[in-house]
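> structure for this input, please:
(2 chains)
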Amino acid sequence: MITIHDEPILSLKNVTMRYSNNVVLNGINLDVHRGEIIGYIGPNGAGKSTTLKILLGLIEDYQGTVEVFGEDIAASDYSYKRKIGYVPENAELYDNLTACEYLTFIGELYGMDRHDAEEKAENLILQFQMEDVFHNRIASFSKGMRQKILIISSLLHNPDLIFLDEPLSGLDANSVMVIKDILEQLVAQGKTIFYSSHIMDVVEKISNRIVLLIDGEIAADGTFEALQEQNKQGSLEGIFNQLTGFDDYKQTAQQFVDIVTDGEGRE
Amino acid sequence: MNEFYSLKFLDFFRPLFRLFQIDYETMRKILQIKLTMDQRRIPTIFASNMSKNKEKGNQYLKSLLVYALYGLVIIPFVSLGDNYIFLVSIIFGIAMFILMTSMISDFSTVLLDVRDKTILNTKPVHTRTINAAKIVHVMIYMALLTGAFIGIPSAFILGVQGIAFFLLFIVAILLLLMFIMTLTALVYIFILQFFSGEKLKDIINYVQILLSVGIIIGYQIVVRSFEFVDLNFVYEFSWWHLFIPPIWFGAPFELLLNGNHSGPIILLSVLALIGPLLSIMLYYKLMPSFERNLQKLMENNGSNKKKRLLLNTIWEKLICTSKEEKQFFRFASIMLARERDFKLRVYPSLGIAFVFPFIFLFNFISTGSFSELQQSNMHLTMYFCNVMIGIVVFMLRFSGKYKGAWIFQTSPIQTQSLVYSATLKAVLAKLYVPLFLLLSIIYIGIFSVRIVPDLAVMLVTGILHTLISYRIMTHNKYPFSEPFETGQQGGESMKTFLLLIVVGFFFFGHFLAMKFTFGVLIYLVILLAITFFTWKWIFKKTVE
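Coordinates of the predicted model:
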């Protein structure tokens, strides 16, 4: 495992975020170093997406300090985003553009030359065997194809820091394997990946460090092996259940099924 | 991707944007993408007769032609003499209505696009540049639209009122444009501050409906208002004029061209200048909080209460027989009331159906007296209300949420024909009958209770018309199951047109029946019997 301990690529110091009276993030402290794949997990509403939004400059009224590439993002302008790639959670794209138009546009926004961007996009599309839809509108794409477009658009400009929010949703098993491998190779080349997901076995396999967020606070931080030892659970799913205090899933499932079947199976 | 003339024109202003520290190249790229996407969108003004549209070709340019037509209405006012404050106020009133409603209906999507936040704001581009792109984007369209709208009239203005008036007119229109754009944004800021995103979407939806109805009604009013215009009208200032923007813009003409230096005129002229500037400053100040509140559009926080209307339950018990029919009646009622795309296309016809009969009554009054009207058979003009039925029934098969229709295919529905019969009943109960009753009350007010049997006949023909429309135009099994874009071929709209003849047919029968004693009552009984058996026959037939 490569963990190079130099200047952190990403550093959150005492970051707190409130929506009216609702505390979403409560004093988050986190240093991320070059070459790490952080598996950022937590229950729904724990504040994962909010963290990503702060890091990408979508939310500005947080408290605390956020440094990316050693720069305080509140003080710096937009230029720190140049080396960042982002796959948003809810697959938002301008879908009445064609794949070619969209990818070229995004590349240009990252400061790439138009022709370079188009050529690179076409080559990447080719790798996913989607070349025959390169000039079709994204609106006609399946969920998996849209997701591939999002992934390409986040990597087109060769970023150093990549934020992925549920990047594998809608992809088939083969594509998932390809993407996982892509991520591993990117990290081996010194990229840093911030991976947010609900699918525990993928996070378990892919990440070299796992950060668990519960109610806006970091509840666990370490390698999978370290978490395993601390919590005496075999899988990340088990650790997740234990740390989020959710041990009655069997009971919940039982009650649910009882309601569905009107209690037929119990007698 | 195409090059746009508007962008080439914009290139002249490059230094200006640089001055404001806006990254012109990036802004231009964003604009190019936005304009490309707009070409693939269809403006509201065409929404109700989309059959004329093809995928290709600039939809927007076509809609500009429509605005150019609207502009013609201004021309008669131009030559109305030199009572400037009166004349210009009317022109600006019309312009403000047209520009503001189309701003809200077609460009809300630009101002409220939440995708921008995730796609653009995460990229290395300054927020200032993104916001500038947003504003310029709307400005390009508003400029084109205004150009189309006032193009022909301003040529007339130049000819009739001279060059000074013309130049002042152009300046005033530019100020009005600024005022409208920022005012719209300010209204959104206000709404988002206090209400949820869903509420805002509803409000926008109603404005779109209002636009379609307003234009048709507005035309009638404007054309008719000519008969009442008194050219010797002397302007007298009242304090409430300060709150009517079109009057502001009339004042400078009075001040500069007619040499009227009275206090109120000066005050109003100052407002014409200060109002737009002030609204821009306010907008600039509130922009950050607007961006923050836009977040609300992505959240769904409605009331979590179950709504159940007593009226619904009564209708349901009254007109639905089986349990299955009741359930589809409830479903269709909700769809009719809440599906925004459907409302946008259907509700304007309802508004027109309501207004149309009155237009004929007014026509009568303008030649005869009111007491003559009361004695006449003009109550038969209510047949014009039935004109909407064909269109509504035709639209029933479409929905913006057509994808949800898989539920019909996968669920074990016993009697498929019940789905449509329940939907038709919902249309009658929820849209037609309320409209008809409202009109009836007004008509009884005008013509007295003697027309009640006639109204009953009209109501029954309405129901029969619904059935005929359904039989002729509906071939699919389930309502709300097709997207609006497809299937709206020319042949179909021909059919809706032909169905108008059905109204004429019923009207003619009614007219004949009135010649005989008890004729109307006999006609009513016959129609009732026909309707009853037709309903049975149509929905029996589709079961097989």
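
> just give the number of residues close to residue 186.
Defaulting to chain A. Neighbourhood size, A:Leu186 [other C-beta atoms under 10 Å in any protein chain shown]: 20. For the C-beta atoms, the positions are set from N, CA and C on the backbone; glycine is no exception.

> chain B is the one I meant
B:Leu186 - counted by other C-beta under 10 Å - has 16 other residues nearby.

> let me know the secondary structure of it.
Three-state assignment for B:Leu186 (DSSP: H, G, I helix; E, B strand; the rest coil): helix.

> would you mind measuring from it to chain A?
To chain A, B:Leu186 is 22 Å away according to C-beta to the nearest C-beta, to the nearest Å.

> and A:Thr16, that one's in a helix?
No. A:Thr16: not assigned to a helix; according to three-state DSSP it is strand.

> wait, isn't it in contact with A:Gly64?
Yes. Contact status for A:Thr16 versus A:Gly64: in contact at 5.7 Å, counting by C-beta atoms under 8 Å.

> next, show the common contact partners of the two.
In the contact map built from C-beta atoms under 8 Å, 6 or more residues apart in numbering or on different chains, the residues linked to both A:Thr16 and A:Gly64 are A:27-28.

> residues near the closest residue in space to A:Lys53 that isn't next to it in sequence, how many?
Leaving out its chain neighbours, the residue that sits closest to A:Lys53 by C-beta to C-beta, 6 or more residues apart in numbering or on different chains is A:Ile59, at 4.6 Å. Around A:Ile59 there are 18 other residues, counting by other C-beta under 10 Å.

> A:Ile59 and A:Thr51 touch, don't they?
No. Judged on C-beta under 8 Å, A:Ile59 makes no contact with A:Thr51 at a distance of 9.4 Å.

> quickly list what's touching both of those two.
With C-beta under 8 Å, 6+ apart, A:Ile59 and A:Thr51 have no common neighbours.

> can you pull the buried residues of stretch A:161-176?
Across stretch A:161-176, burial judged by 16 or more other C-beta atoms under 10 Å in any protein chain shown covers A:161-169, A:171, A:175.

> pull the most distant pair out of those.
Farthest-apart pair in these is A:Leu161 and A:Ser175; separation 23.2 Å (C-beta to C-beta).

> now, which of the buried residues of stretch A:161-176 sits nearest chain B?
Distance to chain B, by C-beta to the nearest C-beta, is smallest for A:Phe163 among the buried residues of stretch A:161-176, at 8.5 Å.

> for chain A, which residues are neighbours of chain B?
A:56-58, A:61, A:77-82, A:84, A:86, A:88, A:90, A:92-94, A:96-97, A:101, A:105-106, A:108-111, A:137 (C-beta under 8 Å from any C-beta of the partner chain).

> repeat that for 6 Å
A:56, A:58, A:78-79, A:81-82, A:86, A:88, A:92, A:94, A:96, A:101, A:105, A:108-109 (C-beta under 6 Å from any C-beta of the partner chain).

> just the buried ones out of those, please.
A:56, A:58, A:78, A:81-82, A:86, A:88, A:92, A:94, A:96, A:101, A:105, A:108-109.

> in helices, which of those residues fall?
Among these, the members found in helices (DSSP state H) are A:101, A:105, A:108-109.

> rebuild those as a markdown table, extending it with pLDDT.
Output for those, formatted as a markdown table (pLDDT from 0 to 100):
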| residue | pLDDT |
| --- | --- |
| A:Glu101 | 90 |
| A:Phe105 | 91 |
| A:Glu108 | 89 |
| A:Leu109 | 88 |
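
> can you tell me which of the residues you listed is closest to A:Leu12?
Using C-beta to C-beta, those come closest to A:Leu12 at A:Leu109, 25.6 Å.

> excluding chain neighbours, what is closest to that closest one?
With C-beta to C-beta, 6+ apart, the residue lying closest to A:Leu109 is B:Lys123, at 4.3 Å.

> how many other residues sit next to the one you found?
B:Lys123 - counted by other C-beta under 10 Å - has 24 other residues nearby.

> is it in a helix, a strand, or coil?
coil.

> can you list phi and psi of it for me?
Note on B:Lys123: backbone dihedrals following degrees, to the nearest 10 are phi -100, psi 160.

> swap in A:Phe163?
Dihedral angles for A:Phe163 - degrees, to the nearest 10 - are phi -100, psi 120.

> and the pLDDT at B:Gly445?
With respect to pLDDT, B:Gly445 has a value of 91.

> for B:Met37, which non-adjacent residue is spatially closest?
A:Asn96 (5.1 Å).

> quick one, what contacts the one you found?
Residues near A:Asn96 by C-beta atoms under 6 Å, 6 or more residues apart in numbering or on different chains: A:137, A:139, B:37, B:40.

> any idea how far chain A is from the last one?
Note on B:Arg40: its distance to chain A, by C-beta to the nearest C-beta, is 5 Å.

> output the longest helix belonging to the chain.
You didn't say which chain, so I picked chain A. helix A:173-188.

> not what I meant, chain B
Per DSSP H, chain B has its longest helix at helix B:127-161.

> that one and chain A, are they touching?
No. Helix B:127-161 stays clear of chain A (C-beta under 6 Å from any C-beta), getting no nearer than 7.5 Å.

> rewinding a little: just how off-centre is the longest helix of chain A within its chain?
Between the centre of helix A:173-188 and the centre of its chain there are 14 Å (C-alpha atoms, centre = their mean, to the nearest Å).

> convert the C-alpha atoms of it to PDB, please.
Listed next in PDB are the C-alpha coordinates belonging to helix A:173-188 (Å, rounded to 0.1, in the frame of the first residue of the first chain):
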ATOM      1  CA  ALA A 173     -20.800  -6.100 -13.300                       C
ATOM      2  CA  ASN A 174     -18.300  -5.900 -16.100                       C
ATOM      3  CA  SER A 175     -18.200  -2.100 -16.200                       C
ATOM      4  CA  VAL A 176     -17.900  -2.100 -12.400                       C
ATOM      5  CA  MET A 177     -14.800  -4.200 -12.700                       C
ATOM      6  CA  VAL A 178     -13.300  -1.900 -15.300                       C
ATOM      7  CA  ILE A 179     -14.000   1.200 -13.200                       C
ATOM      8  CA  LYS A 180     -12.500  -0.400 -10.000                       C
ATOM      9  CA  ASP A 181      -9.400  -1.200 -11.900                       C
ATOM     10  CA  ILE A 182      -9.200   2.300 -13.400                       C
ATOM     11  CA  LEU A 183      -9.400   3.800  -9.900                       C
ATOM     12  CA  GLU A 184      -6.700   1.500  -8.500                       C
ATOM     13  CA  GLN A 185      -4.300   2.400 -11.400                       C
ATOM     14  CA  LEU A 186      -5.000   6.100 -11.000                       C
ATOM     15  CA  VAL A 187      -4.100   5.900  -7.400                       C
ATOM     16  CA  ALA A 188      -1.000   3.900  -8.200                       C
END
